[in-house]
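Student: what shape does this take:
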Amino acid sequence: MLLRGRPVLMHTIEAFYKSDYNPEIIVVLNVDFHQYWKNLCVMHNFSIPHLLVKGGTQRFDSVKNGIKSIKSKAIIAIHDAVRPLLSCQLIDRSFQEAELSGNAVAAIKSRDSVRQQIGKHTIPLNREEIYLIQTPQTFSSDILKKAYKQEFENEFTDDASVAERSGIKINLIEGEHRNFKITFPEDIRLAEIYLNPGF
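Tutor: Just a heads-up that it's a prediction; the model follows:
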């Protein structure tokens, strides 16, 4: 999908490239799209260095493949390609906190009232205790590599759930409301507003 004339993923990569940490960037992508991505990079004159890695059947497998390509000890931030609006400050805080605490998972408190469905009925939940989880989810490589030695389970919806199952206490840091996941066509229009220099 194009955002201001360029694929969304290019905006996401650029956000990490511009951060003070300037991390090495790994793009995990279905192998059938590798050549297409390379063609897009040429078409859009996109030259930010990055390593292209084969994606897996599940998100779990894709992350595992990305981790395998990292040979030395590191702080690893895993981020959704379709969250291009995160700030450099959030990226830097993620790396800083993971260096101190072993992990840092971006999250925001719910602005809305929340109800949980149980059978045919719903019950209210205290929104002050509800966090909406985002990415980046950032870990020391030791923690992440150990966590991803587990077998896949359906309950693994993100890296935090994988790490937690391996015995790690998850450390939440404040995310950003603009760091939303582009899912629907109207999300592109909202993202374009955020990217407007005058916004």
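Student: residue 116 pairs with what?
Tutor: When assigned by DSSP bridges, residue 116 has beta-bridge partners residue 123.
Student: what's the neighbour count on it?
Tutor: 10 (other C-beta atoms under 10 Å). Every C-beta, even on glycine, is put in place using the N, C-alpha and C of the backbone.
Student: now do it against residue 164, distance only.
Tutor: 20 Å (C-beta to C-beta, to the nearest Å).
Student: ok, residue 155 next?
Tutor: In terms of C-beta to C-beta, residue 155 sits 10 Å off from residue 164.
Student: more neighbours: which of the two?
Tutor: A side-by-side neighbour count of residue 155 and residue 164, using other C-beta under 10 Å, places residue 164 first with 17 against 9.
Student: the more buried one belongs to a helix?
Tutor: Yes. Secondary structure of residue 164, determined by DSSP: H, G, I helix; E, B strand; the rest coil: located in a helix.
Student: stretch 175-187: end-to-end distance?
Tutor: 18 Å (C-alpha to C-alpha, to the nearest Å).
Student: in it, what's buried?
Tutor: 175, 178-180, 182, 187 (16 or more other C-beta atoms under 10 Å).
Student: cool, stretch 136-148 as well?
Tutor: For stretch 136-148, by 16+ other C-beta under 10 Å, it's 136-140, 143-145, 147-148.
Student: how far does it sit from its chain's centre?
Tutor: Stretch 136-148 sits 13 Å away from the centroid of its parent chain (C-alpha atoms, centre = their mean, to the nearest Å).
Student: which pLDDT value belongs to the residue nearest the centre of the chain?
Tutor: Central residue of the chain (C-alpha atoms, centre = their mean): residue 79, 1.9 Å from the mean position. Each residue has a pLDDT score; the one for residue 79 is 98.
Student: from residue 154, how far out is it?
Tutor: Where residue 154 is concerned, residue 79 sits at a distance of 23 Å (C-beta to C-beta).
Student: likewise residue 129?
Tutor: Distance from residue 129 to residue 154, by C-beta to C-beta: 25 Å.
Student: what about the helices in the protein?
Tutor: 8-17, 34-43, 59-68, 88-101, 141-147, 159-165, 185-194 (DSSP state H).
Student: quick one: the first one to helix 88-101, angle?
Tutor: Relative orientation of helix 8-17 with respect to helix 88-101: 60 degrees, computed using axes from the mean of the first three to the mean of the last three C-alpha atoms, to 10 degrees.
Student: what of the second one?
Tutor: Angle of helix 34-43 versus helix 88-101, following the same axes, to 10 degrees, is 130 degrees.
Student: what comes up buried for helix 34-43?
Tutor: 37, 41.
Student: ok, back up a step: quick check: the residue nearest to the centre of the chain vs residue 98, distance?
Tutor: For residue 79, the distance to residue 98 (C-beta to C-beta) stands at 13 Å.
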